[in-house]
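# Show me the folded form of this:
(2 chains)
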Amino acid sequence: MLVFNSITVSLYSDQALENIDQQLRNDMVAVRRLLRFNADGILNTNPQSAQTSLVYESRNSIRYAVRNTSGHTLRFSINMVTLGPPLPKLENKTTPIIEDMWQNQSRNGERHYRLLSVLYPHTAHDGNQDLILQVLRPLSNYDIQRNELVTLLFSLSPLPLILVILGSFWVSRLALKPVNTLITAVSSISAHDLTTRLPPSSNDELGQLTENFNQMLERLEQSFESLTSFTANASHELRTPLTALRTQAEVALSQSRSSQDYQNVLGSLLEDMGHLEHLINTLLHLARCDAGLVQLSVQHFNFSERISYWLDTLSVLLAEKNIHLINQCASDITINADQGAIDRIIVNLLDNAICYTPADGKITLSLVKENNNIIFTVSDTGPGIPNHLRNDIFDRFVRLQKTRHESSGAGLGLAIVNRAIELHHGSITVDNNVDVGACFSVQLPFQQDD
Amino acid sequence: MAAATPNLLVIEDEPKVAKSLKQGFSEAGYIVSIANSGEEGLSIFLEQELDIVILDLNLPGRDGIDILKTLRQHTNTLPVIILSARDDINDRVLGLDSGANDYLIKPFAFPELLARTRVLLRQDVSVPTLEYHVADLSVDVINRKAFRHNKELNLTPKEFEILELLLRNQGQPVSRRMLATDIWRVERATSLDNVIDVHIMRLRRKVDEGFPVKLIQTIRGLGFSIPHDPESNS
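As a prediction, this is how the structure comes out:
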């Protein structure tokens, strides 16, 4: 604001002075025209002969003085005496060649003039008679106007400033009000209570932010819920075999027994430890998948052959339960994937199907290639998946029946399958067959991008 | 086996594990030295004529891989089995690349460690057993045939492999995990316990059913075994 004012004033001053200087130059032209010399070349100082010039002078209110080079005033305008200030003295009056000279003339610190002095070369009969011509205009009007402008500008300038400041406060308070609401709402959210949602606000960027924040909360809440339920399930699954271990050992040591008894107890302890170890290994594997620590070693291999291999391996289980296998897998379907992960998908789905299919039941496998996807389905004649479990079946520890040690994964098999599929950017769905049993359908991209 | 009693060094800083290993190997007929740190292990190695080293990777001071590399600067023939809680495939590769002969992940089954130790010590002899005779069971490894009481047993290839593995470790228990890794070559995360149990049940039906002497025994918690003198166990 100050800068703006200063620039305005300085521009105004320059322009005003320029105008005055132009007037001075015009005056000087007029003064030159008014100069009259007698036959001897002497300046005519007779007022009579200068009659016309007097009229002209007063009409145009020119203030001028004509001096010789020694500083003696030869002639001057009337208003130079009556209206104007006393004749200013030429500073360089002895200097013979004074051309244009601009001066800010100030007397008694009150009045302010602008003076144009010109050396007028003239030769008279008795030699050099150079004259100095001076015209003068007062700067009082200019000063007053300039001061008024300054006063006006600097007295008015705080007003818009204050208005702007007040306005910005108001606008920012208005704009920040929803932000403050958000801050209050956000600070009330913690890991213990993720159910709170931010109040929906306007349709602008803040509204979007609120919406995104709510979506993030939704995901966080789901993650926390799954983590909480996982922790609860994991502690149950880990504590149960630990309790068994502890109780067996404590009871065994409570009184002396035969070595055969001790052997039995130790053997039983080892069995339970085996289960525990397998559980921990599986949980570690899942945790690594979740943490993104599992690196895929992608290679090209025959998917159909892997299915055949695992069918061969698990065939004894099929035979034991007299399960009829209908193998509709296309042969020679290859894939670019991590073979270990694909093996886990196949073996866990097969194991699951064998586990839940009753004796004399039926398992149907199919493997087809559609566009860039490979679709592997495993259909059984087991109890199927209850609707309320349809979404949770791929979570950890979700089992159809609360039977321990029946399935190899202790309720982790489908979670392993799900992670392996996710790692390959595929998908798995489960549906109940029209007649009986469940049908798992795995869709995997043929080619891994990475 | 080069020496009558093999000299074995265990480098392991966890006292309970070290103590159990010492007891287990001693009872299996080994002379066992225990070192609680890598440096101690190296000084024992320089003092004694060792036949095999069991090396824990996570040691105080210099870690196991470092010790192994130093050891390999002295000898390339001494077998080394690594024990490690790190089951990442990269750790395993690093261990084997650094000169280990085998790599077992903790928690390991002691019978498996014992079996692998025996395998490594037997490498010197490199005369594979071609025929096994236990009681009235005879097994022809080359022709993949097995006879009980002079009558040929109709075994599937998998059943034959299991029988052979049991015989190779005769008198020692063979765990389900050993069967899974040696015969099915599956990774740790995959459990084949139910498959193995069915195979063992069928094998037992073919080998032992109808005979008073039962050869294939279940050792609870450890696995299965064919004893040296089956009569006394029947």
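
# Next, the contact list for the residue nearest to B:Glu112 when sequence neighbours are not counted, please.
Excluding the flanking residues, the one nearest B:Glu112 by CB to CB, 6 or more residues apart in numbering or on different chains is B:Met178, at 5.2 Å. Yep, even glycine has a C-beta here, placed from its N, CA and C like the rest. When contacts are counted by CB atoms under 8 Å, 6 or more residues apart in numbering or on different chains, B:Met178 touches B:109, B:111-112, B:115, B:165, B:223.

# distance of B:Pro128 from chain A?
If you measure B:Pro128 against chain A using CB to the nearest CB, to the nearest Å, the figure is 26 Å.

# how about the residue nearest to B:Glu112, phi and psi?
phi -60, psi -40 (degrees, to the nearest 10).

# One more: A:Ile323?
Dihedral pair for A:Ile323: phi -90, psi 130, per degrees, to the nearest 10.

# Next: B:Leu192.
For B:Leu192, the backbone dihedrals (degrees, to the nearest 10) come out as phi -110, psi 20.

# rewinding a little: for the contacts of B:Met178, pick the one with the most neighbours.
Compared across the contacts of B:Met178, B:Gly223 has the highest neighbour count, 25 neighbours, by other CB atoms under 10 Å in any protein chain shown.

# State the number of residues packed around the residue nearest to that residue when sequence neighbours are not counted.
Take B:Gly223 and drop its neighbours on the chain: the residue closest to it by CB to CB, 6+ apart is B:Ser175, 3.9 Å away. Residues lying near B:Ser175 (other CB under 10 Å) number 24.

# thought B:Ser175 was touching B:Leu222?
Yes: proximity of B:Ser175 to B:Leu222 meets the contact threshold set by CB atoms under 8 Å, at 6.1 Å.

# which residues are common contacts for these two?
Shared contacts of B:Ser175 and B:Leu222 (CB under 8 Å, 6+ apart): B:109, B:111.

# Restricted to helices, list the contacts of B:Met178.
B:111-112, B:115, B:165 (DSSP state H).

# Closest to A:Leu174 out of these?
B:Glu112 (74.0 Å; CB to CB).

# after the lengthiest helix in chain B, next one along is what?
Determined from DSSP H, the single longest helix within chain B is helix B:193-208. Going down the chain from helix B:193-208, the next helix or strand is strand B:217-219, by DSSP states H and E.

# So for that next one, what gets flagged as buried?
B:217, B:219 (16 or more other CB atoms under 10 Å in any protein chain shown).

# just checking, what packs against it?
strand B:223-225 (3 or more CB pairs under 8 Å, 6 or more residues apart in numbering or on different chains; DSSP states H and E).

# Now tabulate the ones in helices among the contacts of B:Met178 in JSON lines and tack on pLDDT.
Compiled in JSON lines, the ones in helices among the contacts of B:Met178 are given as follows (pLDDT from 0 to 100):
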{"residue": "B:Pro111", "pLDDT": "85"}
{"residue": "B:Glu112", "pLDDT": "86"}
{"residue": "B:Ala115", "pLDDT": "85"}
{"residue": "B:Leu165", "pLDDT": "91"}
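
# quick one: A:Leu115 and chain B, what's the gap?
Separation of A:Leu115 from chain B (CB to the nearest CB): 96 Å.

# right, and the pair among the contacts of B:Met178 with maximum separation?
Largest separation among the contacts of B:Met178 by CB to CB: B:Ala109 and B:Leu165, giving 14.3 Å.

# In contact with the residue nearest the centre of chain B, which residues?
By CA atoms, centre = their mean, the mean C-alpha position of chain B lies nearest to B:Ala115, the distance being 1.6 Å. For B:Ala115, the contacting residues are B:169, B:172, B:174, B:178, by CB under 8 Å, 6+ apart.

# Among those, which one has the most neighbours?
Counting by other CB under 10 Å, top hit in the contacts of B:Ala115: B:Val174 with 27 neighbours.

# Can you tell me who that one pairs with across the strands?
B:Phe224 (DSSP bridges).

# A:Ser13 against A:Arg146, yeah?
Yes: with contacts counted by CB under 8 Å, A:Ser13 reaches A:Arg146, the gap being 5.9 Å.

# Residue 155 sits in which helix or strand?
Unless you meant another one, I'm taking chain A. Here A:Ser155, judged by DSSP H and E, is contained in helix A:140-156.

# same check, this time on B:Thr117
With DSSP H and E as the test, B:Thr117 turns up in helix B:110-122.

# Just the CA coordinates for stretch B:114-133, please, in CSV.
The C-alpha trace of stretch B:114-133 is given here as CSV (Å, rounded to 0.1, in the frame of the first residue of the first chain):
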residue,chain,number,x,y,z
LEU,B,114,20.0,-87.8,13.4
ALA,B,115,19.0,-89.3,10.0
ARG,B,116,20.6,-86.5,8.1
THR,B,117,23.8,-86.7,10.1
ARG,B,118,24.0,-90.4,9.3
VAL,B,119,23.4,-89.8,5.7
LEU,B,120,26.3,-87.3,5.6
LEU,B,121,28.6,-89.5,7.4
ARG,B,122,27.8,-92.4,5.2
GLN,B,123,28.6,-90.4,2.1
ASP,B,124,32.3,-91.3,2.6
VAL,B,125,31.6,-95.0,2.1
SER,B,126,29.3,-94.5,-0.9
VAL,B,127,28.2,-98.1,-1.0
PRO,B,128,24.5,-98.1,-1.1
THR,B,129,22.6,-100.9,0.4
LEU,B,130,21.1,-103.0,-2.4
GLU,B,131,19.2,-105.5,-0.3
TYR,B,132,17.5,-105.5,3.1
HIS,B,133,16.6,-108.5,5.2
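
# The helix ranked longest in chain A near chain B at all?
Ranked by residue count, the top helix of chain A under DSSP H comes out as helix A:205-253. No: using CB under 8 Å from any CB of the partner chain, helix A:205-253 never reaches chain B; the gap is at least 11.1 Å.

# Could you list every helix and strand in contact with that helix?
If contacts are counted by 3+ CB pairs under 8 Å, 6+ apart, helix A:205-253 sits against helix A:158-187, helix A:259-290.

# and these, which is most packed in?
helix A:259-290 (a mean of 17; mean count of other CB atoms under 10 Å in any protein chain shown).

# what's the neighbour count on B:Ile11?
For B:Ile11, the count of nearby residues is 29 (other CB under 10 Å).

# ugh, typo on my part, it should be A:Phe4
Using other CB under 10 Å, A:Phe4 has 10 other residues around it.

# give me the element it is part of.
Judged by DSSP H and E, A:Phe4 forms part of helix A:2-34.

# Sort out which residues of that helix are buried, please.
For helix A:2-34, a neighbour-count test (16+ other CB under 10 Å) marks A:5, A:9, A:12-13, A:16-17, A:20, A:23-24, A:27-28, A:31, A:34 as buried.

# other SSEs contacting it?
Other helices and strands packing on helix A:2-34, by 3+ CB pairs under 8 Å, 6+ apart, are helix A:51-60, strand A:63-68, strand A:111-120, strand A:131-138, helix A:140-156.

# Export these as JSON lines, with columns for mean pLDDT and mean neighbour count.
Below are those laid out as JSON lines (pLDDT from 0 to 100; neighbours: other CB atoms under 10 Å in any protein chain shown):
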{"stretch": "helix A:51-60", "mean pLDDT": "57", "mean neighbour count": "14"}
{"stretch": "strand A:63-68", "mean pLDDT": "76", "mean neighbour count": "22"}
{"stretch": "strand A:111-120", "mean pLDDT": "73", "mean neighbour count": "19"}
{"stretch": "strand A:131-138", "mean pLDDT": "77", "mean neighbour count": "22"}
{"stretch": "helix A:140-156", "mean pLDDT": "80", "mean neighbour count": "13"}
